[in-house]
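Colleague: Only the shape, not the letters, is given here:
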Ligand code: 1GP
């Protein structure tokens, strides 16, 4: 059933906002999943993203299976590598790192992924992934060996996002990087959003309800938060349904 993307588009048309809780398999123990997911279920979260920059083979599948036992929320893979592909999830962001110029992350890994994807029923959602500099080196930057876009060069960010849309990508993800010092500024979000006809995801460094609301107000359709929940699960208490 190809409904994940349709539901995101429908929520955008209805003016509803989505919150994805990002779980990094490298940082979540299986014993901890049930309690954590219980908190996710009582919060305003609409999606669970699973992925990380450096995750061992098989780890993601075990984690996704456990997550699915405790929630009805859609689980979408946000993979740093092809080995994170598992048919236990509902969908996958098929990320092309369009802020960078490393062919492996623009097309190489995707070719490698096809034989695995063909063995799954995952809904594949093509996504233009744009890394924006945030004051410190991110793991995406290190692993992909690409340079992020400068956050003061807004026109370049807007043009990169639009190029992704024109290439046929279904989502654009503005990424400041996990644990970023500066979340993506509202001015960048609103200028990118104005140019796009597809949903916009924003993530990296969002640690408060105020920052979350300001990202929504600027035009983010989906906000992704990982580190703030990892560091303090009490953050869920501020984000009740
Ligand atoms: C990272 O955008 C996500 O890929 C979420 O970032 O962990 O900083 O919330 P945080």
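Modeller: The structure has been received and is ready for your questions. Here the structure is a predicted model, which is why all the values come from computation and not from measurement.

Colleague: which strand is the longest one in the protein?
Modeller: strand 123-131 (DSSP state E).

Colleague: So which elements touch that one?
Modeller: helix 4-13, strand 91-97, helix 139-144, helix 154-166, strand 171-175 (3 or more C-beta pairs under 8 Å, 6 or more residues apart in numbering; DSSP states H and E). (Glycine included, C-beta is placed from N, CA and C.)

Colleague: pLDDT averaged over it - what is it?
Modeller: Strand 123-131 shows a mean pLDDT of 98.

Colleague: Which residue is it, in this protein, that comes closest to the ligand?
Modeller: Closest residue of the chain to the ligand, C-beta to the nearest ligand atom: residue 203 (2.4 Å).

Colleague: I figured that residue hits residue 223, correct?
Modeller: Yes. Counting by C-beta atoms under 8 Å, residue 203 does reach residue 223; the two are 6.7 Å apart.

Colleague: more crowded one of these two?
Modeller: Between residue 203 and residue 223, counting by other C-beta atoms under 10 Å, residue 203 is the more crowded of the two (26 against 23).

Colleague: Write out the residues of the chain neighbouring the ligand.
Modeller: Contact residues (C-beta under 6 Å from any ligand atom) of the chain with the ligand: 22, 175, 178-180, 203-206, 224-228.

Colleague: From the residues you listed, list the buried ones, please.
Modeller: Neighbour counting by 16 or more other C-beta atoms under 10 Å classes 22, 175, 178-180, 203-206, 224-228 among the residues of the chain next to the ligand as buried.

Colleague: Redo these as a markdown table? Include secondary structure and pLDDT.
Modeller: Conversion of those to a markdown table gives the following (DSSP: H, G, I helix; E, B strand; the rest coil; pLDDT from 0 to 100):
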| residue | secondary structure | pLDDT |
| --- | --- | --- |
| 22 | strand | 98 |
| 175 | strand | 98 |
| 178 | coil | 94 |
| 179 | coil | 93 |
| 180 | coil | 95 |
| 203 | strand | 98 |
| 204 | coil | 97 |
| 205 | coil | 96 |
| 206 | coil | 97 |
| 224 | strand | 98 |
| 225 | strand | 98 |
| 226 | coil | 98 |
| 227 | helix | 96 |
| 228 | helix | 96 |
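
Colleague: from those, which is closest to residue 14?
Modeller: Closest to residue 14 out of these is residue 224 (20.2 Å), distances taken as C-beta to C-beta.

Colleague: my guess is the closest one meets residue 212, correct?
Modeller: No. Using C-beta under 8 Å, residue 224 is not in contact with residue 212; the gap is 10.4 Å.

Colleague: list residues touching both of these two?
Modeller: Residues touching both residue 224 and residue 212 (C-beta atoms under 8 Å, 6 or more residues apart in numbering): residue 206.
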